[in-house]
Each structure stands twice: as C-alpha cells, then as structure tokens.
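Chemist: Can you look at this prediction? I've put the sequence above it.
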Amino acid sequence: MSKIRKFTQFSFKDLVAATGPTVLTIAALCVLAYFLVDPTPPRAVTLATGQENSAYEELGKKYVAAMAKHKIKVTLVPSLGSQENLQRLNDGKVDIAFVQSGSTEEAEAQRKGLVSLGSLFTEPVWLFLREPVAVDQLTQLKGLKINVGPEGTGVPKMFRQVLALNGVEPADLTMGALENTPATVELLEGRIDGLVFSSGPDALLVQMLLQTPGIKLFNFTQAEAYTRRLPYMTHVVLPRGIVDVGRDIPSQDYHLIAPTATLVAREDIHPALVDLFVQSATAIHGGTGWFQQQGQFPSARYTEIPVAHEAAKFYKDGPPMLQRYMSFWMANFLDRMWVVVVALAALVLPLSKVVPPLYVWRIRSRVYRWYGQLRTVEQELETAQGDPVQCEGLLKRLDEIEELVNQISIPLAFADGLYGLRSHINFVRQRVRNAMNAAVPTTGLHKAGA
C-alpha cells in the first residue's frame, strides 16, 4: 500500500531553492561593493617628520601613540623639513607629512594632488645670536655667519624673503646649511654668529637655547609689518617669564613671526584615516600653549593648501556621529555598510520579482513532470491495439505512477494540481481498461470463424 504524503502549509525547502541563487547573487555583489566602492582603511601609514630633536620629531611620536590606540601603525620617516616632506609626498614615498605654511602655493598643491588636514600650531622663526654680536635690526646681520639650515627645511627660502624685505641680499652675509643640532654646537663653540630655524616652542633645541647664557633671541619688533607683507606669517608674542617664571626667562616680551605647521596628505588618502588623524590632532594640539588659546588648533585656517573635505566637515560639525559612541573600526564598518545597503536596494527589488514565479514553478513541476509519463502510456496504448498483455503492463505502470504521485508533498495552495493529476491518471487507466474490454469480443469472433 502506498504511503500518502501529507499536505503542508508551506515548503521551506522549495523557498530556499528558489531564493538561493538570488541571495547568493546579491551577497556576492554586496561583498564586491563593500571592498571596491569603499575599501577598508589601511592599517599602516607613513608620516614624514623632521630633523633630529625637532618639534616634528617629538610630535610624530605622539601621533604614533595616538593611532596605535586604534590599531593603526604609523611609521615615522625623518627628513630635513618641509621641502623634503613635500617632495616625498609628491613621489608617493609617504602618506602624510608635516609641512610648514609658505612652502608651496595653492595652485601647485592642487596640481600635485595634495590636501591639508588642518593647521596644527604656529612655528615661530627663532633667530638665536651670540650675545657679543646680538643686533636689533636685520640690516645689521651683514657680514655675520648665520646658519639657515639645508634647503630641504624650507627655512632658507623663508629667511631670504625676510631679508629681502630689509634690503639685505644673501651675499651680504655668510649663510650656513648645517642641520639644527650640529649648527647649535657650532653656535655654542663660537664658530658661527647665529642660527635661524622655525619650530614649535616644545622643541628641545628651543628650550635649551632660551636658557643658555650668552645666547640672545632676536626680537622681531616689526612683526606685524612682516605678517602684512608675508600673508602666511602670523604675529605671536613670547611672554615674559613663560620659560621659567621664577628665573624670569625670558626677561621681556619677544615679538616673533610664525608660519604654521600643517598636516598634509595625498588626496587619495582614505576618508576614514582623515577623520582619525584630525581627531588625533585635536587631542594633541587642542590645548593651550605658549602661542595659542584653548581650541584654536587644529584649524582649517592658516593653510594655503586646500583642506580635505572630510577634515573641513570635522572642523565644522565635529567627529562623525558613530565614532562618538563606538570604536573607530566598528564605526567605520557600519558607515561603510551604507554602501552595501545602496547596492542591496538596487538589487533586491528587481531580483525579488524572480523568486515567487520560481517558487511556484518548482512546486508545480513536481506535478507536471508526471504528465510526460501519462503521455507515454497513452502513446503506447495506441500501438497496443487492445492487446491484453500490453494493456496489463500499462495498467501496472499506471499503478506505479500513482503510487509515486501519492508520495508527493506540496503546500495546500497547490493541492488542486495534485488532485487534477490523480484524476488524469484514473482517466488514462479507464482508457486502457476500455481498450481491453473492446478487444475481448473481437478476439472471440476470430476464434468462432476458425
């Protein structure tokens, strides 16, 4: 006795089979969009800093520590200074670099594909002189030996501009090209008369020279005039006693001219890294200092290089909402999921229209495929011509077909198809029996005639 399968309300197996190709297609395309449209931020970047014992070198170490909290490795690349850092950015040898304002022009930066992540702090121009040759005007530097550093620092170019405003030609004095540390040794040994460099006040050389007896800092009393003639410069004041209040160092206010240090990157830097570096810059440079107020830096101002869109948005609106409440990588993952959502929305609607017809076809095909068997039986019936032996074989085949059909499990919504198939099996069975009954009298007449 054949086992009759029960009807079900829903065929989960058929649904999985019908939706499987669509789901796999959507998943594959979403994964492709996830990695190609908005790739994962790199976990390692290179940062060009500056000379030994410079403020850039010390700050680079702070960025290493800040980015390490987010599991991003920052490799520091020492350099002579801004000009060399710009060259390395242009050559693709580093990802990010400290660059001094005035080192390049806006049009040139755009042409070379550079963007600013914001200005970080002011870098006063420090002109230290041996006390016996200390001067009050830059015109008095004529004939002296002044170290301005290598060309890669950007200071020689800047200092020549300052001298030109005073009518002093570079040939009027001896300009050395030593790096800051050996130049300081030469100054202390008395082999040069002075040295000039641009750096933040937290640089070790600045701290030391401000407290070294016999070394005097030049006072730019016309600082405001310099800022009007050189727009990338700002006027800052070194307050009296800021180095050591008890010892009254310095013993007076000093007026200084100062470009700003800027964090510069190639324009193809990942947007998520821009957000992270700007957040780190806020933590490192956002406090008060010798020349800045709380929250003055980092800033989208004081830079001639176009500010990256993500950085400008940060300075205007603050950090991305998700990064305020969760880790960088989790926030970045959820933010990038919007790309997948867009891809999913573009695919689900058209592909979802394929699923219902495919689901219906799979279920009905389990019924429809038996009609091929019934058609074969009918064709053999035509050739059997009522032969009882062949008809008995056809009836046996119909019984086998009916037994297999009774084992079909389909949802109730499609039961009409199954009942229709059973009635058609009975219809063919009746045809076979009618053919057998019609053949019996005919066979008897032939025997009587014989």
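Modeler: Arrived safely. Numbering: from 1, shown residues only.
Chemist: Quick one: the helices in the stretch 51-200 of the chain, in order.
Modeler: Secondary structure of the stretch 51-200 of the chain by DSSP state H, counting those that start in this stretch: the helices cover 55-68, 82-90, 106-111, 155-165, 180-188.
Chemist: Out of these, which is closest to residue 145?
Modeler: Checking the helices of the stretch 51-200 of the chain against residue 145 by C-beta to C-beta gives helix 180-188 as the closest, at 8.8 Å. Placement of C-beta: from N, CA and C, glycine included.
Chemist: and that closest one, which residues are buried?
Modeler: Using 16 or more other C-beta atoms under 10 Å as the test for burial, helix 180-188 gives 180, 183-184, 186-187.
Chemist: cool, stretch 287-300 as well?
Modeler: For stretch 287-300, a neighbour-count test (16+ other C-beta under 10 Å) marks 289-292, 296-300 as buried.
Chemist: can you pull out the strands in the stretch 1-150 of the chain?
Modeler: Ranges of strands in the stretch 1-150 of the chain, per DSSP state E, counting those that start in this stretch, are 44-48, 73-77, 96-100, 114-122, 125-130, 145-147.
Chemist: helix, strand or coil for residue 326?
Modeler: Secondary structure, DSSP: H, G, I helix; E, B strand; the rest coil: residue 326 is coil.
Chemist: count of residues packed around it?
Modeler: Residues lying near residue 326 (other C-beta atoms under 10 Å) number 13.
Chemist: Then residue 135?
Modeler: Residue 135 is surrounded by 16 other residues when neighbours are defined as other C-beta under 10 Å.
Chemist: One more: residue 281?
Modeler: Residue 281 has 25 neighbours, counted by other C-beta under 10 Å.
Chemist: That one contacts residue 118, correct?
Modeler: Yes: taking C-beta atoms under 8 Å as the definition, residue 281 is a contact partner of residue 118 at 6.3 Å.
Chemist: now the closest residue to residue 324 other than its chain neighbours: how far from residue 76?
Modeler: Closest residue to residue 324 apart from its sequence neighbours, by C-beta to C-beta, 6 or more residues apart in numbering: residue 318 at 7.7 Å. To residue 76, residue 318 is 28 Å away according to C-beta to C-beta, to the nearest Å.
Chemist: do residue 135 as well
Modeler: Residue 135 sits 37 Å away from residue 76, taking C-beta to C-beta as the criterion.
Chemist: still on that earlier bit, residue 318 and residue 76: which is more packed in?
Modeler: Neighbours per residue (other C-beta under 10 Å) separate residue 318 from residue 76, with residue 76 holding more: 18 against 12.
Chemist: Flag the shaky bits of the stretch 1-150 of the chain, pLDDT-wise.
Modeler: Applying pLDDT under 70 to the stretch 1-150 of the chain flags residues 1-20, 22, 30, 33-39, 106.
Chemist: can you give me the strands in the stretch 201-350 of the chain?
Modeler: Going by DSSP E, counting those that start in this stretch, the stretch 201-350 of the chain shows strands at 215-217, 234-238, 254-258, 260-266.
Chemist: Touching, residue 260 and residue 121? I think so.
Modeler: Yes: at 6.8 Å, residue 260 counts as touching residue 121 under the criterion of C-beta under 8 Å.
Chemist: neighbour count winner among the two?
Modeler: Set residue 260 next to residue 121 and count neighbours by other C-beta under 10 Å: residue 121 wins out with 26 against 23.
Chemist: quick check, nearest of the buried residues of helix 180-188 to residue 197?
Modeler: residue 180 (5.2 Å).
Chemist: List the contacts of the closest one.
Modeler: Counting by C-beta atoms under 8 Å, 6 or more residues apart in numbering, residue 180 makes contact with 51-54, 149, 195, 197, 199, 205.
Chemist: Roughly how far does residue 267 sit from residue 100?
Modeler: Applying C-beta to C-beta to residue 267 and residue 100 gives a distance of 20 Å.
Chemist: Compare those two and say which is more crowded by neighbours.
Modeler: Neighbour totals were compared for residue 267 and residue 100, and residue 100 leads with 27 against 13 (other C-beta under 10 Å).
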